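K.L.:
return atomic coordinates for the entry below.
(chains A and B)
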Number of protein chains: 2
Amino acid sequence: MTIDTHPLDTVLAAARAFLGDRLTTNAAIREQHSKGEDANPPVLPDAVAFVETTEEVSRLLALCNTHGIAVTPFGAGTSLEGHVVPVQRGISLDLSRMTQVLEVNAEDMDCLVEPGVSRHQLNDYLRDQGLFFPVDPGSHCSLGGMVATRASGTNAVRYGTMREATLGLEVVLADGRVIQTGGRTRKSANGYDLTRLFVGSEGTLGVVTKVRLRLQGIPEATTAAVCQFDSLAAAVETVIMVMQAGIPVARIELADADQMRASIAYSKLAFEPLPTLFLEFHGSPSSVREQAEAVEALSNEMGGRGFAWAEDAEARGKLWKARHDAWWAANALYPGCRGITTDVCVPISRLAEAIVHAKETAVEMGQNTCIVGHVGDGNFHCVILFPNDDPEGLRKAWELDRRIVAQGLALGGTCSGEHGIGLGKREFLVEEHGAEVLDVMRGLKASLDPKGILNPGKLFFD
Amino acid sequence: MTIDTHPLDTVLAAARAFLGDRLTTNAAIREQHSKGEDANPPVLPDAVAFVETTEEVSRLLALCNTHGIAVTPFGAGTSLEGHVVPVQRGISLDLSRMTQVLEVNAEDMDCLVEPGVSRHQLNDYLRDQGLFFPVDPGSHCSLGGMVATRASGTNAVRYGTMREATLGLEVVLADGRVIQTGGRTRKSANGYDLTRLFVGSEGTLGVVTKVRLRLQGIPEATTAAVCQFDSLAAAVETVIMVMQAGIPVARIELADADQMRASIAYSKLAFEPLPTLFLEFHGSPSSVREQAEAVEALSNEMGGRGFAWAEDAEARGKLWKARHDAWWAANALYPGCRGITTDVCVPISRLAEAIVHAKETAVEMGQNTCIVGHVGDGNFHCVILFPNDDPEGLRKAWELDRRIVAQGLALGGTCSGEHGIGLGKREFLVEEHGAEVLDVMRGLKASLDPKGILNPGKLFFD
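P.N.:
Coordinates of the predicted model:
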């Protein structure tokens, strides 16, 4: 009598031959790889593979492809839309040990890194060379994950998102083939833009094993500023005026009164709990001054108060740390509660309407929310708080999310400015693009991953 | 007895039913649609269709797809790599009558245009609104064509290329389906980046029928400057220093001594026939002054002479007209000669090496050349002149092209910064990316155009 081996066992046995202990079925490790930072239901992978080289990724994918085993890439686990949940179980492919900075070409302002390098690690590495990497989502995410979700953050208004910052990639395809996309030049017209196709593909088209990034020179002068307003609308209208005036702000971030209440408590900030703009200006000393003065004049017109400049690096650091901790501050605001977050992005002229609508709808529904936003890009997050372990509260939170997205789409916006689709925003992706665009996307997926082993269940409903 | 109708006749008869006289087999019109501005051998299409609406494009593509008839999109006919040559005959799809500006959203700085709108037409339209569209290849090209080749030009160093400028597209797929990609927001993380996939796809994946573009505010102040050098290397080294210093020049263009000789004659310029940089600065009056002074200081270090500023719009207009006419000036330099052009782009640190090598190789081979370059992006064009109707001269010109590209690739560059691949650079595309990347690109093509009717023969060898 022959007993058929389950394909998973075949894969695990073969993978263990080259990964050794770095392929594990340890329960605690599988649990760590069952979810990101969002409220999607966790799923345990069958095993977790800690890969260290491109060749290991290639061998593992070839195996999984042959045997039809799902592979879900995992970086720092900071995803907010369920991207790392292995909904078809299989293998969670952990790239967090691939942390080498392979090249820095200071004179061309580019670098080549492994996907597990974090943006903090990269910026520490670059500091003495007068360079920095500007894309800064709030979390301690990895650069591979940032490529996967087309991440952005507070500096995107000036320096662009991962779309602009990624010059090229090394990608392992579903069948184990390894390709290089893009290159070191600032521009090119050399065939299909594969780099941009993989950026934002959420691990569904290939696994990124190297990332070439465009860097920026540390500006000669930097100033931060904070300004508070009596109304949310006045704060947002100020942003719209700043953007329409073409002032090249490096950062322009909004926190509503509730978020300020949360951040004042969490980050010990000495501000009022009022709608607040946080700004940063980069340039020569004179241009930084000129920009700050121009913004101050516009904010005064809108009744802004206490336009305070911080030229000193420590004060600025504290401010931006508080901004980056906003998600945690919001989650800590009501004991026993946690949050889900919207990620709507609209054309800048509709931003005040979108944000005010979100807040009013929340109040109408009796939901606690905190709003923060990369408002120079028209992108805001409404963190919707609900009691832990309360399915009805979560359902209500999602209902508010749905209403905010519907309004965003009606205003010519998108359901996701930077967090991606994952599991959580799949219904909106169809609504936003329509069935034919989804068909085209599925066709591209089928072309690159015909067996559907790569991060199955994400972006599309099965 | 039944006589089978040829599929082409079926398509022409059916298309004539909705296009009427705008479907033509007139010999002179077919001849106009047999080539662009390059030296690739012309091929006559079987017919030319002058479409006016998305619906007409959709109906025509559906017909051609059903019957397997090739379709080659045609805009302004300014392609430099044979993109518009209908190598499999069939239908040349002329979009030049689709010239409506459909929307301008001044407050969001975006617009929606039909593909036959030229960049000149768009900028005339925008002028009173304080906005401009920055991407400016030299020629009178159409915006649809610029999307197709991922065009750039002199302003790309500051404002980016069509990759950054294109917010969204309406595309007719090979089978006639119409999709909308992208949207009106400054950023998004909402599924695969289809916009960037179509930008630069050279009409091989779909036909663009609407283009949503990001606009820029007309800067408060603009200054142009010209500076001349004794050696090509000194001029290029100045560019490298300017870029590495992070000075946000709006334009920084090179012409070598031969190009200056050509442009002085063609455009009646009052300069010496020496390696020359043309610059432009955008910003507030004080920042423009600051930038110009910083560049002047660097150029002085490199022995630059006659750093002359032109604040007056007419003088600037004349300067940039001369720069944009460089291709025609070069072609007029030696009576009875015409040119082909290289389009290498390298990392900025290798630019001096690449340009000096190109010129030296040309001299070694006894070839007349003029060099111009969007040097802030590391992109330069070596216009190689050869006697009209001299196949051996053309062969020699291509041999020099090949050597310049080989050196560009060896320096970490690409064969095309902005002209695209078309017919002329197919061999380099394979060399640059390798067979596996080409396989991936072919797979994407097969997914979107399974019968291969869209601009066949371009990008890939059959």
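
K.L.:
who are the packing partners of the helix or strand bottoming out on mean pLDDT in chain A?
P.N.:
Ranked by mean pLDDT, DSSP states H and E, the helix or strand of chain A with the weakest confidence is strand A:305-310, at a mean of 84. Counting contacts by 3 or more CB pairs under 8 Å, 6 or more residues apart in numbering or on different chains; DSSP states H and E, strand A:305-310 is packed against strand A:221-228, helix A:285-301. For glycine as for every other residue, the C-beta is placed from the backbone atoms N, C-alpha and C.

K.L.:
longest helix of chain A?
P.N.:
Counting by DSSP state H, the longest helix found in chain A is helix A:391-410.

K.L.:
now that helix: buried residues?
P.N.:
Within helix A:391-410, the residues scored as buried using 16 or more other CB atoms under 10 Å in any protein chain shown are A:393-394, A:396-397, A:400-401, A:403-405, A:407-409.

K.L.:
stretch A:312-320 now?
P.N.:
Buried residues in stretch A:312-320 (16+ other CB under 10 Å): A:316, A:318-320.

K.L.:
contact partners for residue A:459?
P.N.:
Taking CB atoms under 8 Å, 6 or more residues apart in numbering or on different chains as the criterion, residue A:459 is in contact with A:202, A:204, A:421-422, A:426, A:429, A:441, A:445, B:191.

K.L.:
got these as JSON lines, with secondary structure columns?
P.N.:
Converted to JSON lines, these look like this (DSSP: H, G, I helix; E, B strand; the rest coil):
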{"residue": "A:202", "secondary structure": "coil"}
{"residue": "A:204", "secondary structure": "coil"}
{"residue": "A:421", "secondary structure": "coil"}
{"residue": "A:422", "secondary structure": "coil"}
{"residue": "A:426", "secondary structure": "helix"}
{"residue": "A:429", "secondary structure": "helix"}
{"residue": "A:441", "secondary structure": "helix"}
{"residue": "A:445", "secondary structure": "helix"}
{"residue": "B:191", "secondary structure": "coil"}
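
K.L.:
export those residues to a markdown table and tack on pLDDT?
P.N.:
Shown next, in a markdown table, are the contacts of residue A:459 (pLDDT from 0 to 100):
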| residue | pLDDT |
| --- | --- |
| A:202 | 98 |
| A:204 | 98 |
| A:421 | 98 |
| A:422 | 98 |
| A:426 | 96 |
| A:429 | 96 |
| A:441 | 98 |
| A:445 | 98 |
| B:191 | 97 |
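
K.L.:
tell me the pLDDT of the residue in the stretch 51-200 of chain A that chain B sits nearest to.
P.N.:
Nearest residue of the stretch 51-200 of chain A to chain B: residue A:196, at 3.6 Å (CB to the nearest CB). At residue A:196, the model reports a pLDDT of 98.

K.L.:
now residue A:322
P.N.:
Looking at residue A:322, the pLDDT reads 88.

K.L.:
what's the helix or strand for it?
P.N.:
helix A:313-324 (DSSP states H and E).

K.L.:
dump the C-alpha coordinates for that helix into PDB.
P.N.:
Extracted in PDB, the C-alpha atoms of helix A:313-324 (Å, rounded to 0.1, in the frame of the first residue of the first chain):
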ATOM      1  CA  ALA A 313      16.600  69.400  15.900                       C
ATOM      2  CA  GLU A 314      15.600  68.000  19.200                       C
ATOM      3  CA  ALA A 315      12.300  69.900  19.400                       C
ATOM      4  CA  ARG A 316      11.600  68.900  15.800                       C
ATOM      5  CA  GLY A 317      12.400  65.300  16.600                       C
ATOM      6  CA  LYS A 318      10.000  65.300  19.500                       C
ATOM      7  CA  LEU A 319       7.200  66.800  17.300                       C
ATOM      8  CA  TRP A 320       7.600  64.200  14.500                       C
ATOM      9  CA  LYS A 321       8.000  61.300  16.900                       C
ATOM     10  CA  ALA A 322       4.600  62.400  18.300                       C
ATOM     11  CA  ARG A 323       3.200  62.600  14.800                       C
ATOM     12  CA  HIS A 324       4.500  59.100  14.000                       C
END
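
K.L.:
check the offset of it from the chain's centre.
P.N.:
20 Å (CA atoms, centre = their mean, to the nearest Å).

K.L.:
could you look up the SS state of the residue nearest the centre of chain A?
P.N.:
What sits nearest the mean C-alpha location of chain A, by CA atoms, centre = their mean, is residue A:151, with 3.8 Å. Here residue A:151 is recorded as coil under three-state DSSP.

K.L.:
now do the contacts for it.
P.N.:
A:135, A:137, A:141, A:145, A:161-162, A:418, B:189.

K.L.:
so what does the closest residue to it other than its chain neighbours look like in phi/psi?
P.N.:
Distances taken as CB to CB, 6 or more residues apart in numbering or on different chains put residue A:137 closest to residue A:151, at 4.7 Å, once the chain neighbours are dropped. Backbone torsions of residue A:137, given as degrees, to the nearest 10, read phi -60, psi 160.

K.L.:
burial of residue A:137, as a residue count?
P.N.:
24 (other CB atoms under 10 Å in any protein chain shown).

K.L.:
gap between it and residue A:417?
P.N.:
From residue A:137 over to residue A:417 the distance is 11 Å, taken as CB to CB, to the nearest Å.

K.L.:
residue numbers of the stretch 201-350 of chain A in contact with chain B?
P.N.:
A:201, A:205, A:216-217, A:219, A:240, A:244-246, A:283-284, A:286-287, A:290, A:343, A:345-349 (CB under 8 Å from any CB of the partner chain).
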